[in-house]
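In: This is a predicted model, with the sequence first.
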Amino acid sequence: MEDRVYKVYRIKNGTVIDHIPQGKGHLVMKILKLHKEPSDNFIALGVNLKSKKGEFKDLVKIEDKELSEQEINKITLIAPKATMNIIRNGKITKKYKVKLPKNITGIMKCSNPNCVINNEHDVSTKFIMIQEHPLRVRCRYCERVMESKDIYVL
Amino acid sequence: MVKIDFKGKDIISIRDFSKEEILHILKTTERMEKENFSNLLNGKIMGSLFFEPSTRTRLSFGSAMNGLGGTVIGFSDPKQSSAAKGESLPDAMKITEGYCDVIVMRHYLEGAARLAAESANVPVINAGDGANQHPTQTFLDLYTILKYKKKLDGLTVGFLGDLKYGRTVHSLVHALAYFNVKLVFISPDSLRMPPDDLEELKKKGIGFKEIEKFNSHIKDLDVIYATRIQKERFPDQMDYEKVKDAFILDKSILKGAKKDLIILHPLPRVNELNYDLDDTENAVYFDQAKNGVPVRKALLALVLGKI
Ligand SMILES: [Zn+2]
């Protein structure tokens, strides 16, 4: 157990995003713009970690950062079974599984080039969740149904 | 029972309607055909915005509005619209609502009607948004079936032709799924119903079959909804040549069919309905097109709160 913890540096305050599908960790970094914005925060990307169930997963640790609702929703789009661990004073104070709201606004693109939303400026995209696992959403405008593979996070 | 009130409502997609609402619209359509409402919409103005030309739909809406005593303003050529000058759709709607009591809109982009309805304070009726929805067509299809069959429950409905891209088919299938129907999908393999629509039918417990040829199934059908197969849908013209004749209807198919089978088609047709069918009692496609007027009358009167 101790081994597991120390494989990635232990943080005092911040967020640990666990159970990211294998190979999607770098996308989480990208969504949170961690690769872009200069900061002194400690950030760790764990790739190909083994879960307790023996499955491979990715993990992201960010020191001194708690995520906004929009950021969490964006991560959920690519990691629907992720777990959020909020760390304060070296302890997990909150741990929960991510969950998308029924109405998904402004965080993903519609894959239909002929959708009005891709042809007007200043209008947020809106999707309605029709199935959670595996994820299926319907564009409120063009009504196209999109699956995980069609999803592009904004 | 919940009171059904359409005043101020938008008519955007068949998905927005419950079974009770659909039946209420069909009942109102029947009244429009049978009673005289020639002054019902006196003083009301319909804004007719056709960002994409569609002469038949535009004339049908115009005839409906004029027939109820209302007036029509608008444009039928997208080049005359302010969008041609780069105006956003929400802005165009906010301005147009000042000129009229109801907006009828046809647009080449999918979802345009929904976006327009979010921006305008007057009701918006979708007269077709790209390949997505054309709800007044769906209501007139349903009304035609109801008019001839006196019921929607207990029918077996066959869909023929291009079931992959045919938006009229998808919307009508969605609406029929509210009723106790059996569906038969007859199409070439490459133009089958989209899996999403079939999944929806399964969830709702609607029985359906997918076949490539009529064979013995013709005898079960109460309704055939035929559509055009477009050559352009086939990457390989050889494939088109192979299937096209299997989806042409002529008088000979009636031999094995129920006497009171009705044949619908959203029109225009090319060659998929032989002219020898036109004089039969089974061919109802011209009356179907005519039913567009009472259906649109009903919707205009309902959203304006006049009936
Ligand atoms: Zn869309």
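Out: Okay, I see it.

In: switch to C-alpha atoms for all contacts and neighbour counts from now on
Out: Noted.

In: The nearest residue to residue B:14 once chain neighbours are set aside and residue B:168, how far apart?
Out: Spatial nearest neighbour of residue B:14, excluding adjacent residues (C-alpha to C-alpha, 6 or more residues apart in numbering or on different chains): residue B:135 at 5.6 Å. Distance of residue B:135 to residue B:168, computed by C-alpha to C-alpha, to the nearest Å: 9 Å.

In: so which helix or strand takes in residue A:104?
Out: Using DSSP states H and E, residue A:104 sits within strand A:103-105.

In: quick one: that strand near chain B?
Out: No: using C-alpha under 8 Å from any C-alpha of the partner chain, strand A:103-105 stays clear of chain B, with a minimum separation of 14.2 Å.

In: wait, does whatever helix or strand comes next after that strand contact the ion?
Out: Sequence-wise, the next helix or strand downstream of strand A:103-105 (DSSP H and E) is strand A:126-131. No: Strand A:126-131 lies out of reach of the ion by C-alpha under 5 Å from the ion, never closer than 8.2 Å.

In: longest helix anywhere in chain A?
Out: The helix that spans the most residues within chain A, counting by DSSP state H, is helix A:69-78.

In: Residue A:95: what's it in contact with?
Out: A:83-86 (C-alpha atoms under 8 Å, 6 or more residues apart in numbering or on different chains).

In: can you tell me which of those are in strands?
Out: Judged by DSSP state E, the contacts of residue A:95 include A:83-86 as members of strands.

In: mind putting those in TSV, distance to residue B:179, pLDDT and neighbour count included?
Out: Output for the ones in strands among the contacts of residue A:95, formatted as TSV (distance: C-alpha to C-alpha, whole Å; pLDDT from 0 to 100; neighbours: other C-alpha atoms under 10 Å in any protein chain shown):
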residue	distance to residue B:179	pLDDT	neighbour count
A:83	43	96	19
A:84	45	96	21
A:85	48	95	20
A:86	50	95	20
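
In: want to throw those into JSON lines with distance to residue A:110?
Out: Compiled in JSON lines, those are given as follows (distance: C-alpha to C-alpha, whole Å):
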{"residue": "A:83", "distance to residue A:110": "26"}
{"residue": "A:84", "distance to residue A:110": "27"}
{"residue": "A:85", "distance to residue A:110": "30"}
{"residue": "A:86", "distance to residue A:110": "32"}
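
In: Spell out whether the strand holding residue A:104 and the ion are in contact.
Out: No: judged by C-alpha under 5 Å from the ion, strand A:103-105 and the ion are separated, with a smallest distance of 12.2 Å.

In: residue contacts, the residue sitting nearest the centre point of chain A?
Out: The residue lying closest to the centre of chain A (C-alpha atoms, centre = their mean) is residue A:75, at 1.2 Å. Applying C-alpha under 8 Å, 6+ apart to residue A:75 gives the contacts A:28, A:31.

In: Could you measure from it over to chain B?
Out: Counting by C-alpha to the nearest C-alpha, to the nearest Å, the separation of residue A:75 from chain B is 26 Å.

In: OK, contacts around the spatially closest residue to residue A:109 that is not a sequence neighbour?
Out: The shortest distance from residue A:109 to any non-neighbouring residue, by C-alpha to C-alpha, 6+ apart, is to residue A:152 (5.6 Å). Contacts for residue A:152 (C-alpha under 8 Å, 6+ apart) come out as A:108-111.

In: Buried ones among these?
Out: A:108-110 (16 or more other C-alpha atoms under 10 Å in any protein chain shown).

In: when you check the ion, which of these turn up near it?
Out: Contacts with the ion within these, counted by C-alpha under 5 Å from the ion: residue A:110.

In: Closest one of the buried ones among the contacts of residue A:152 to chain B?
Out: For the buried ones among the contacts of residue A:152, the minimum distance to chain B (C-alpha to the nearest C-alpha) is 11.1 Å, reached by residue A:110.

In: Using neighbour counts, pick out the buried residues of the helix or strand of chain B with the lowest mean pLDDT.
Out: The weakest-scoring helix or strand in chain B, judged by mean pLDDT, DSSP states H and E, is helix B:237-244 (a mean of 82). Residues B:240, B:243-244 are the ones in helix B:237-244 that count as buried (16+ other C-alpha under 10 Å).

In: which one among the residues you listed gets closest to the ion?
Out: Comparing the buried residues of helix B:237-244 against the ion with C-alpha to the ion places residue B:240 closest, at 30.4 Å.

In: Contact partners for the closest residue to residue B:144 other than its chain neighbours?
Out: Counting by C-alpha to C-alpha, 6+ apart, residue B:144 lies nearest to residue B:288, which is 5.7 Å off, once chain neighbours are set aside. Taking C-alpha under 8 Å, 6+ apart as the contact definition, residue B:288 lies against B:140-141, B:144, B:264-266.

In: May I have the strand or helix carrying residue B:288 exported as PDB, CA atoms only?
Out: Under the criterion of DSSP H and E, residue B:288 resides in helix B:285-290. C-alpha atoms of helix B:285-290 as PDB (Å, rounded to 0.1, in the frame of the first residue of the first chain):
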ATOM      1  CA  TYR B 285     -50.400  10.700 -52.200                       C
ATOM      2  CA  PHE B 286     -52.100  13.600 -54.000                       C
ATOM      3  CA  ASP B 287     -54.600  14.000 -51.200                       C
ATOM      4  CA  GLN B 288     -51.700  13.700 -48.800                       C
ATOM      5  CA  ALA B 289     -50.100  16.700 -50.300                       C
ATOM      6  CA  LYS B 290     -53.400  18.600 -50.100                       C
END
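
In: what's around residue A:69, how many residues?
Out: Neighbour count for residue A:69, taken as other C-alpha atoms under 10 Å in any protein chain shown: 10.

In: Chain B: helices as residue ranges?
Out: In chain B, the helices defined using DSSP H lie at B:19-34, B:55-67, B:89-96, B:112-119, B:135-149, B:167-176, B:195-203, B:237-244, B:285-290, B:292-303.

In: Burial check on residue A:90, number of neighbours?
Out: A total of 12 residues lie near residue A:90 under the criterion other C-alpha under 10 Å.
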